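Enquirer: Everything below, folded, please.
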Amino acid sequence: MLVRELISLEAKAREVRARTGRRTTRAALAKKSGVSEQTLSDWFNGRHHPRDLDQLMKVVRVLAGWAEHPAVPYQPWARLLETASPPRTAALAHAREDAAQGHGPTGGHGGPTGGRSAVDTRAPARQKDGSGPVLTVRDADPPEDVLGRTAARPTRRTFLANAVTATAAAGFGVAGWQLFGAPDLPPKGKRWAFPADRPVSSNPAVARGVVYFGSDDQHVYAVDARTGKPVWPQPFPTGGSSRSSPAVARGVVYAGSDDGKLYALDVTDGRRRWERPTGAPLGWSSPVLVGDSVYVGIGDEKNGRSLQRIDAASGGLRWRRPLDTSAPIWGPAVARGVVYAGCDDGHLYMVDAADGRPLRPFRAEGAVWRPTVADGTVYVGSDDGNLYAVNPGQPRARWAHSIGAPVGSTPLVVGSTVYVGSDDGNVYALAVTDGQERWRADTDGQVRTQPAAAEGTVYISGVDGYLYALRARDGKRQWRERLGNALWSSPTAADGSVYVGSDDNHLYAVTV
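Expert: Residues are numbered from 1 along each chain as shown. Sure, this is the predicted structure:
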């Protein structure tokens, strides 16, 4: 909730300043507030919650001033800060013990992503590109004042009452009531829930009937995909949070950690085969396995940023390519002999996969997130409000679809369609050829994860804590399942289930 409010306030500030041609950047916010750019990036991207109220209020006051907000109430932000990181309870500890014995948390069901675009980046959040009909599945909720909310999530009755008031004030009348009062389709139900000790932000990897994932509790886990019971005798301990997503191949699990190491673990028992110091925390940058090499993007303000190629069998360093930036990097993605990595400095960096030789980067107007490569085209979202389709080595994007809100979601390409989420709460389906919008579907919060797809359905995990199932051909919502207060883990669909981690300290399997 706290991250959500910060993102909303930043979006308001960006909109107001854009009217006068002024930009809102993290560097400018860091300079004005006195809070480091790295810390701000960690906050807004959900890696860490603010701990110091004075520090938080410095940022809030700057953003409120930029948004021309008349006053900054102190208490709402204090309540949000207090509830941002709930302490571990005794019940959770007992659940962990039950999981180790093969008992689930309920009823014994098992335990345990160089050129500047000509697109207007100040376009409103729901602008159409004019290139064809757009199907709007569900409009957004009425706008709410970010500083007027409380930490508690409203009940459905309260939400509907507020919606009626808002729709009446806006003149929506009966149509508005029908829109907001429509009941959700029944969820599919949780197959099992595996408890960790801290939030699970890692994207789960599924291989040969086993789910592998990391947690903020400084462990890497392996659980049976069918039952949710532990596969390894013990989870593998790392020296820091494991938010990056594992890569699995040829009997080895490759997992990164904030302790500044990349680990290679045996799939059968979690035994360490080798570890490689990377020089800095991996954060949310996941290792990518291609052939006999593992590629990682790492770095911090002290040690600098770099892309590295590591031998998959031995852990030996093959090359290290420093990047001329102090901003966080995301990714990488590897395809057709090129390594791609998005960066908060607005660049999509590219290097030769064989020797690390730098190639010409692509430049956007805002932070660039983790890309996806399909059929030789790179698809990547940016905080400047665009999804770009980039041809390697070209100074300008092949096309750019203007969404008008930050696009921090990693795109998913299936056939002729690219699916991506946005901070405006929508999931978009675009044509890969020209970016034409085919449909959009609304959720109740920002979408910063990568969609998953299987059997004609697209699955979305959102900051609102819900897992959504959307029909791939038109975006119609099939069902949604509440799995926590926020989902920073991308879903993985495999063998009739969707697996996703939650900030409520669980990995969930949902039957589909």
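
Enquirer: contacts, neighbours, all on C-alpha from now
Expert: Fine.

Enquirer: from memory residue 387 sits against residue 381, does it?
Expert: Yes - shown here, residue 387 and residue 381 form a contact pair, counting by Cα atoms under 8 Å, at 4.4 Å.

Enquirer: pLDDT averaged over the one helix or strand residue 332 maps to, what's the number?
Expert: Here residue 332, judged by DSSP states H and E, is contained in strand 329-335. Here strand 329-335 scores 88 as its mean pLDDT.

Enquirer: Now the element after that strand, going C-ward?
Expert: Later in the chain than strand 329-335, the nearest helix or strand by DSSP H and E is strand 338-343.

Enquirer: quick one: low-confidence parts of the stretch 1-150 of the chain?
Expert: For the stretch 1-150 of the chain, applying pLDDT under 70 flags the ranges 1, 15, 18-23, 46-48, 70-74, 79, 82-150.

Enquirer: helix or strand right after the top helix by length along the chain?
Expert: Assignment by DSSP state H gives helix 2-18 as the longest helix of the chain. Heading C-terminal from helix 2-18, the first helix or strand you meet, by DSSP H and E, is helix 26-33.

Enquirer: C-alpha coordinates for that next one, CSV please?
Expert: Provided in CSV are the C-alpha atoms of helix 26-33 (Å, rounded to 0.1, in the frame of the first residue of the first chain):
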residue,chain,number,x,y,z
ARG,A,26,14.5,10.4,-9.7
ALA,A,27,17.7,12.3,-9.9
ALA,A,28,15.9,15.6,-9.4
LEU,A,29,13.8,14.1,-6.6
ALA,A,30,16.9,12.8,-4.9
LYS,A,31,18.7,16.2,-5.1
LYS,A,32,15.6,18.1,-3.8
SER,A,33,14.8,15.7,-1.0
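
Enquirer: List the contacts of it.
Expert: The contact list for helix 26-33 (Cα atoms under 8 Å, 6 or more residues apart in numbering) reads 35, 36, 37, 40, 41, 58, 59, 62, 63.

Enquirer: Looking at the residues you listed, which is nearest residue 348?
Expert: residue 41 (17.1 Å; Cα to Cα).

Enquirer: Measure how buried that closest one is and give me the count.
Expert: Applying other Cα atoms under 10 Å, we find 18 residues neighbouring residue 41.

Enquirer: which residues does it contact?
Expert: Applying Cα under 8 Å, 6+ apart to residue 41 gives the contacts 26, 328.

Enquirer: a strand runs through it, doesn't it?
Expert: No - counting by DSSP: H, G, I helix; E, B strand; the rest coil, residue 41 is not found in a strand; it is helix.

Enquirer: From residue 337, how far off is it?
Expert: Look at residue 41 and residue 337: by Cα to Cα, to the nearest Å, they are 30 Å apart.

Enquirer: go on, residue 267?
Expert: Distance, residue 267 to residue 337, using Cα to Cα: 28 Å.

Enquirer: Of those two, which one has the most company?
Expert: Neighbours were counted for residue 267 and for residue 337 using other Cα under 10 Å; residue 267 has more, 22 against 11.

Enquirer: Can you verify my assumption that the more buried one contacts residue 251?
Expert: Yes - between residue 267 and residue 251 a contact is recorded at 5.4 Å, counting by Cα under 8 Å.

Enquirer: what do those two both touch?
Expert: Overlap of the contact sets of residue 267 and residue 251 (by Cα under 8 Å, 6+ apart) is empty.

Enquirer: Report the contact partners of residue 317.
Expert: By Cα under 8 Å, 6+ apart, residue 317 lies in contact with 308, 309, 310, 311.

Enquirer: let's see it at 7 Å
Expert: Counting by Cα atoms under 7 Å, 6 or more residues apart in numbering, residue 317 touches 309, 310, 311.

Enquirer: hang on, the earlier thing: would TSV of the contacts of helix 26-33 with distance to residue 506 be doable?
Expert: What follows is those, written out as TSV (distance: Cα to Cα, whole Å):
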residue	distance to residue 506
35	32
36	31
37	30
40	26
41	25
58	33
59	31
62	35
63	33
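
Enquirer: same for the strand holding residue 332, what does it pack against?
Expert: Counting contacts by 3 or more Cα pairs under 7 Å, 6 or more residues apart in numbering; DSSP states H and E, strand 329-335 packs against strand 293-300, strand 338-343.

Enquirer: and these, which one is worst for confidence?
Expert: Among the helices and strands packed on strand 329-335, strand 293-300 carries the lowest mean pLDDT, at a mean of 88.

Enquirer: Which neighbours in the sheet does that one have, and how are they oriented?
Expert: Sheet pairing for strand 293-300, assigned by DSSP bridges, gives strand 288-290 (antiparallel), strand 304-311 (antiparallel).

Enquirer: Go through the shortest one and flag the buried ones.
Expert: Meaning strand 288-290. Residues of strand 288-290 classed as buried by neighbour count (16 or more other Cα atoms under 10 Å): 288, 289, 290.

Enquirer: Let me see the contact set for the last one.
Expert: Applying Cα under 7 Å, 6+ apart to residue 290 gives no contacts.

Enquirer: 10 Å instead?
Expert: By Cα atoms under 10 Å, 6 or more residues apart in numbering, residue 290 lies in contact with 247, 249, 312, 333, 334, 335, 337, 353.

Enquirer: any chance of the strands paired with strand 293-300 in CSV, with mean pLDDT and distance to residue 197 too?
Expert: Formatted as CSV, these follow (pLDDT from 0 to 100; distance: least, Cα to Cα, whole Å):
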stretch, mean pLDDT, distance to residue 197
strand 288-290, 94, 26
strand 304-311, 91, 30
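
Enquirer: Out of the ones you listed, indicate the one that is most buried.
Expert: strand 304-311 (a mean of 22; mean count of other Cα atoms under 10 Å).

Enquirer: buried stuff in the helix or strand following that strand?
Expert: Going down the chain from strand 304-311, the next helix or strand is strand 317-323, by DSSP H and E. By neighbour count with 16+ other Cα under 10 Å, strand 317-323 contains the buried residues 317, 319, 320, 321, 322, 323.

Enquirer: Residue 61 falls within a strand, correct?
Expert: No - counting by three-state DSSP, residue 61 is not part of a strand but helix.

Enquirer: Quick check, it in contact with residue 77.
Expert: No - in this structure residue 61 lies outside contact range of residue 77 using Cα atoms under 10 Å: 11.1 Å.

Enquirer: which one of these two has more residues nearby?
Expert: Neighbours were counted for residue 61 and for residue 77 using other Cα under 10 Å; residue 77 has more, 24 against 16.

Enquirer: separation between residue 470 and residue 78?
Expert: 36 Å.

Enquirer: re the thing from before, is it possible to export the buried residues of strand 317-323 to a markdown table including distance to residue 11 and pLDDT?
Expert: Converted to a markdown table, the buried residues of strand 317-323 look like this (distance: Cα to Cα, whole Å; pLDDT from 0 to 100):
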| residue | distance to residue 11 | pLDDT |
| --- | --- | --- |
| 317 | 41 | 95 |
| 319 | 39 | 95 |
| 320 | 36 | 93 |
| 321 | 34 | 93 |
| 322 | 32 | 92 |
| 323 | 29 | 91 |
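
Enquirer: got TSV for those residues, with distance to residue 50 too?
Expert: As requested, the buried residues of strand 317-323 are exported to TSV (distance: Cα to Cα, whole Å):
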residue	distance to residue 50
317	35
319	36
320	33
321	32
322	30
323	28
